[in-house]
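[1] got a sequence here, can you build the structure:
(chains A and B)
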Amino acid sequence: MAVGTQGESYANPHPPTPSPGSSRSDASGLEDLVRIAAKIREAVESVIEGKPMAVRLALTVLLAEGHLLIEDVPGVGKTMLAKALARSIRCSVRRVQFTPDLLPSDITGVSAYNQKLREFEFKPGPVFANILVGDEVNRASPKTQSALLECMEERQVTVDGTTYRLESPFMVIATQNPVEMEGTYPLPEAQRDRFTARISMGYPDPAAELEMLDTHGQSSPLDRLTPVADAADVRALVEVVRQVHVAPSVRQYAIDLITATRRHPDLRLGASPRATLQLVRAARAYAALDDRDYVVPDDLQALAVPVLAHRLLPTAEAQLERRLPEHVVTELVNRLPVPAPHR
Amino acid sequence: MTRMRLTVVAALATLLASLGLHPLFEGSGWAWSGLGAIIAVAAGGALARRLRLPTAAASLVASAALLVYLTVRYAPGQALLAVAPTPGSLARLARLLSEGWEAAGRYAAPVPRGAGIELLATLGIGTVAVLVDLLAVQLRRAAPAGLPLLALYSVPAAIREENLSWVAFALGAAGFLALLLTDSREQVGLWGHPVPGRHGGGDGRARVNARSLTAAGRRLGLAAVAIAVIVPATVPGIHPRGLLDLGGGGGDGGSQTVTTPDPLVSLKRELTRLSDQVVLTYRTDDPSPDYLRLYALDRFDGDRWTYSPLRSTPDDRVAGRTLPAPPGLLTARTYAVTTRVSVAENVRNMTFLPAPYAPSRVSVKGDWRVDPESLMIYSLRDDAGGRTYSVTSVRAEPTARQLAQAGPAAADVLRRHLRLPSDIPQPVRRLADEVTEGARSQYEQAMMLQRWFAAEGGFVYDLNAAAPRGTSDLVDFLLVSKRGYCEQFAASMAMMARILGIPARVAMGYTRGSQGPDGRWVVRSRDAHAWPELYFEGAGWVRFEPTPAGTAGQGTATVPRYARPAAEEEDRPRDGEESPTAPSSSGEAERPATRPGSREPADAGDAGRAGAADDGAEDGDRLVVGWLAGGALVLLFLATPLAARLLTRRRRWSRALSSAAADGRPAARGPGGRREPSIAAAGDAAALAHAAWQELRADAIDHGVDWRSGDSPRAAARRITESLNLTGPAVEALQRLAVAEERARYATVPAPPDTLREDLRIVHEAFGAAVDLPTRWRARLAPPSALESLRETGRRAVGAVDGLALIRSRDRGRRELRRR
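    From the prediction side, this is the model:
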């Protein structure tokens, strides 16, 4: 292992709660989902106080089979959220600290010559896990960042011409500092587009911070966290999410929203078709978390900024006037009428 | 700098304004000729601009083009090569012009067609075209160009005293507005294009701006024309005869509706007038003159008999022509009689001419017209008082057998003259059947009715009876009181005839009066009379006389020969008596006791005073009625939003429920107790949820909540909750409604609609409690949501106009593409 990478395996001392069988009807599947999601959320929130929206979005991305980018200034709990989420599910979790000298093979793995067997042997990298926590992903060189491209989208790794499938579920939770910070390489557009959502933590409110002082004063709450679900549960929940109904009018609404970003005069680059896919997928998960088997425009509205904003490039004028993509998306959401039946 | 677009629009505006001339001329030749003149002028102007001639020269060229056009069209024989004007051709044009001038002076509009008239019209239109071209295109003064257009429009207004049709006005105004719009657009174009933005692809945005300006102009123009046309037509008082005429029926298009004082009201007044004033005197070559009819009342609306609204057009003038043939008079023998009538000087407000039925020719001074259906003769502005006129009438002498064998009447006669109000009680219908029991034909039925009224029914002629008001009074007259005067008799018999299926109407006018020693017939106000006219195919409208005659009845009433009981048995008519020349021997029997004429001179003065007083009272009545009607109109106007709101609410639910009913069975329950969604049931629940949501939306808007169309159901519920500070069960009900709507819109299975109405009620009450008193009352009495549908309609109209423009520009685009 190169310097700067750590392979961490969390041994889970407690067994997960028994999960129901996967052969269940939709309604009970949704009930299970809500129940299990509530448990995970509860577990994560015991570590991250006062950030229900961030936790909910993280769960949404997990259930939407997406990847999560957490962007904020240092010290607000980015890594804590990533680790808490990873820990509440009993599955393989690897963590990679991204540094400027990190090499692609440090992530994907290497073929090493086995003297004994007299052949090359593949040593899997940290990417072979259910959850990969990439800390400070924008501190690595673009070359290394690109190593994540294939595995994030295609869920496979190709080393020396051989392709290895990744496990399911597979989720990358990356944290990054804002690009203005020192010693950062901004993620390329293609890389950013692969993250389903970007969230920021924000500072906790005073009350939550006070409580944090109390709890964190004694011992890390992370240590006390026990898994409440396992990988099979997550796979089943993902299956439930796929069954969530998206009405044609809601699909059209999503497309209208995406198209509007492509036409907006303040944006140099609009949202990609992949963004459309991921938006609808995330909306399904978001709806399921709300105990609904159908998507409403409100889901899309709630997800528009986290799912779309990090993919958009503002024009130079807009940048000068500090009109951020977030603002553009918010404006579009407010402007676009929700689909209603014709009267 | 050809200004092609402006040239074309100016020509178009002139053309549209010239269409307003149409009531002045017969035929359409003048319009085509005028169109040619406009095209010639526009072409001349465009040519001059192409050659960059100075302004004055351009107008000269346009005038020259007009002259050439007139020469080619009207004097090709005298012209050089049939084109170039020569002194000869000019002389011919001048001659034609003076002919046209003469014709215009001789004939009242519409002027019959002729080369001179056509030339006159063409010259006028062409001159206006030259002026418009000069002002709008050459001098770029589009607004003053409206003056010649207005002059064109005012010609018919000045010549015809009636109002011009609104169509002509709308066309002319639209043409002028189009001219203004085009001119302004070109001027805006001269300002230059805005600097193109980085987005929207260069001049695309600039063009969008111009287009939106144009669209705004078009909308303003449309609104202005619509207001100018609609407001005077609907608001009483602005227009002397609005659409909502207080005195008569509805109006129609370009023709006028005639209104006169209620004939029945004036009848009673005439009959009961103390001074027996002389109304008119007449001489006739008819040995046994018929009644003089004023009105034919063909509409019975349950309240009273009235005549259908008269649609008056200039074609209806009686002057110098034979009137339309009396309807239905085909096989019966007829003879012509001429009556020369002098109406007394002091008669007022007589805008209908008394004439024996059926008038075929009338010679009278003034603008008198005939209603082709009923052959009533009326005037829009003249009064019969003091006039002397002569009427030639066709009198029918049907035999009893002809009447008995009459076939079924034509469909349009039946449709118009069998209509009865729905509230006629059964006893009256039974009575009609009882009275005519055993009758073998409609004629026999009519005879039995007449006999029953005049003799067997036990009716008493009583002028003190109140004027009947509505069906109930007639029923009372028929079944209970049996006291009345000619109005009751005539109206009842006509009603019963209609019940029996005989087309009937009530005629009003005067009996023939009494003959003086000098052979002159004198008709007095007490001779005013009403009688039923029944229709028999072949004989047309035939008079009957149910009112008792003589001293115990209408003094001068007579029963026509075919309606006398003897005629029923009389199979073969005696020719001698039927002939018009031989005075009938039975004429004496018809003749009532003549009144002494000695009071005549004294009457005239009294009657004058009485008439004046009556007029004053009538005006006062009308004023009160006007105020009442105006007040009612205002109330109606204020109540419109309320009514619209209630109606939409009811319609919304009933539509949702009817779709539920149409879809059949209610949602079945599956074996597991879970809701088994059938497609139909899903549709119902969704429709109900939508209905509930629409209702909630209207309710929220009524209570002053800012409702945004971009809100999703739950966002809307949140907004309502916050803005009205709702709490408790109302919030829950609101959320249930929102979820129901949300499920109906986006989910596969809608929510069960069981609690929707209850939830709506809860929310409605919470709304009422949450707002202040004025808002609450506004929501009840003048709900703002009701105005929305009106606004929506307006928006759709504007959208249609814009859509038209879009189609046009798309066509243009397509043409340009093809050219490439």
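[2] phi first, then psi, for the residue in chain B that chain A sits nearest to.
    Nearest residue of chain B to chain A, counting by C-beta to the nearest C-beta: residue B:747, 3.7 Å away. C-beta coordinates here come from the backbone N, C-alpha and C atoms, glycine included. Main-chain dihedrals, residue B:747, degrees, to the nearest 10: phi -100, psi 170.
[3] for residue B:523, same thing?
    For residue B:523, the backbone dihedrals are phi -110, psi 130 (criterion: degrees, to the nearest 10).
[4] skipping adjacent residues, who's closest to it in space?
    In space, and not counting its chain neighbours, residue B:523 is closest to residue B:513: 3.5 Å by C-beta to C-beta, 6 or more residues apart in numbering or on different chains.
[5] that neighbour contacts residue B:527, correct?
    Yes: Residue B:513 lies in contact with residue B:527 (C-beta atoms under 8 Å); the separation is 5.0 Å.
[6] quick one: common contacting residues for those two?
    Listed as contacting both residue B:513 and residue B:527 by C-beta atoms under 8 Å, 6 or more residues apart in numbering or on different chains are residue B:556.
[7] hang on, the earlier thing: per-residue pLDDT, the residue nearest to residue B:523?
    You'll see residue B:513 listed with a pLDDT of 83.
[8] against residue B:785, how distant is it?
    For residue B:513, the distance to residue B:785 equals 65 Å [C-beta to C-beta, to the nearest Å].
[9] who has more neighbours out of these two?
    It is residue B:513, of residue B:513 and residue B:785, that has more neighbours when counted by other C-beta atoms under 10 Å in any protein chain shown, with 26 against 22.
[10] so who does that one touch?
    Counting by C-beta under 8 Å, 6+ apart, residue B:513 has contacts B:282, B:521, B:522, B:523, B:524, B:527, B:556.
[11] next, give phi and psi for it.
    Dihedral angles of residue B:513 (phi, psi; degrees, to the nearest 10) stand at phi 80, psi -150.
[12] in the stretch 101-250 of chain B, which spans are helices?
    Assigned helices in the stretch 101-250 of chain B, in chain order: B:115-132, B:146-159, B:166-190, B:203-234 (criterion: DSSP state H, counting those that start in this stretch).
[13] can you check the stretch 101-250 of chain A too?
    According to DSSP H, counting those that start in this stretch, the helices that the stretch 101-250 of chain A contains are A:105-108, A:142-154, A:189-193, A:206-218, A:221-224, A:231-242, A:248-263.
[14] list the helices and strands the fifth one packs on?
    Helix A:221-224 is packed against helix A:78-88, with contacts defined by 3 or more C-beta pairs under 8 Å, 6 or more residues apart in numbering or on different chains; DSSP states H and E.
[15] starting at the chain centroid, how far to the helix it packs on?
    11 Å (C-alpha atoms, centre = their mean, to the nearest Å).
[16] residue A:328: neighbour count?
    Other residues near residue A:328 come to 23 when the count uses other C-beta under 10 Å.
[17] and the helix or strand containing it, average pLDDT?
    In this structure, residue A:328 sits in helix A:325-335 according to DSSP states H and E. For helix A:325-335, mean pLDDT is 89.
[18] any bit of it sitting next to chain B?
    Yes: using C-beta under 8 Å from any C-beta of the partner chain, helix A:325-335 reaches chain B at A:334, A:335.
[19] in that helix, what's buried?
    A:325, A:326, A:328, A:329, A:332, A:333 (16 or more other C-beta atoms under 10 Å in any protein chain shown).
[20] look up the closest residue to the second one, ignoring the ones flanking it.
    Distances taken as C-beta to C-beta, 6+ apart put residue A:309 closest to residue A:326, at 4.6 Å, once the chain neighbours are dropped.
[21] want to throw the helices of the stretch 101-250 of chain A into JSON lines with mean neighbour count and mean pLDDT?
    Output for these, formatted as JSON lines (neighbours: other C-beta atoms under 10 Å in any protein chain shown; pLDDT from 0 to 100):
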{"stretch": "helix A:105-108", "mean neighbour count": "21", "mean pLDDT": "87"}
{"stretch": "helix A:142-154", "mean neighbour count": "18", "mean pLDDT": "83"}
{"stretch": "helix A:189-193", "mean neighbour count": "16", "mean pLDDT": "86"}
{"stretch": "helix A:206-218", "mean neighbour count": "11", "mean pLDDT": "77"}
{"stretch": "helix A:221-224", "mean neighbour count": "13", "mean pLDDT": "78"}
{"stretch": "helix A:231-242", "mean neighbour count": "20", "mean pLDDT": "89"}
{"stretch": "helix A:248-263", "mean neighbour count": "17", "mean pLDDT": "91"}
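[22] hmm, who's touching the longest helix anywhere in chain A?
    Longest helix in chain A, counting residues (DSSP state H): helix A:26-45. Contacts with helix A:26-45, where a contact means C-beta under 8 Å, 6+ apart, come from A:17, A:19-20, A:24, A:51-52, A:55-56, A:58-59, A:63, A:81, A:84-85, A:87-89, A:225-226, A:228-229, A:233, A:236-237, A:239-241, A:243, A:288-289, A:291, A:293.
[23] now do the contacts for the most centrally placed residue in chain A.
    For chain A, the residue nearest the mean C-alpha position is residue A:68 (1.8 Å; C-alpha atoms, centre = their mean). Neighbouring residues of residue A:68 by C-beta under 8 Å, 6+ apart: A:57-58, A:61-62, A:82, A:171-174, A:195-199.
[24] tell me the one of these nearest chain B?
    Lowest distance from chain B to these (C-beta to the nearest C-beta) belongs to residue A:57, with 18.7 Å.
[25] separation between the closest one and residue A:196?
    10 Å.
[26] so which of those two has more stuff around it?
    Counted by other C-beta under 10 Å, residue A:57 and residue A:196 do not tie: residue A:196 has more neighbours, with 30 against 25.
[27] list the contacts of the residue nearest to that one when sequence neighbours are not counted.
    The shortest distance from residue A:196 to any non-neighbouring residue, by C-beta to C-beta, 6+ apart, is to residue A:66 (2.6 Å). Residues in contact with residue A:66, defined by C-beta under 8 Å, 6+ apart, are A:171, A:195, A:196, A:197, A:278, A:281, A:282.
[28] a markdown table for these, including pLDDT?
    Listed next are the contacts of residue A:66 as a markdown table, based on pLDDT from 0 to 100:
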| residue | pLDDT |
| --- | --- |
| A:171 | 90 |
| A:195 | 92 |
| A:196 | 92 |
| A:197 | 93 |
| A:278 | 93 |
| A:281 | 93 |
| A:282 | 94 |
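[29] got CSV for these, with distance to residue B:500 too?
    Output for these, formatted as CSV (distance: C-beta to C-beta, whole Å):
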residue, distance to residue B:500
A:171, 92
A:195, 90
A:196, 86
A:197, 86
A:278, 82
A:281, 80
A:282, 80
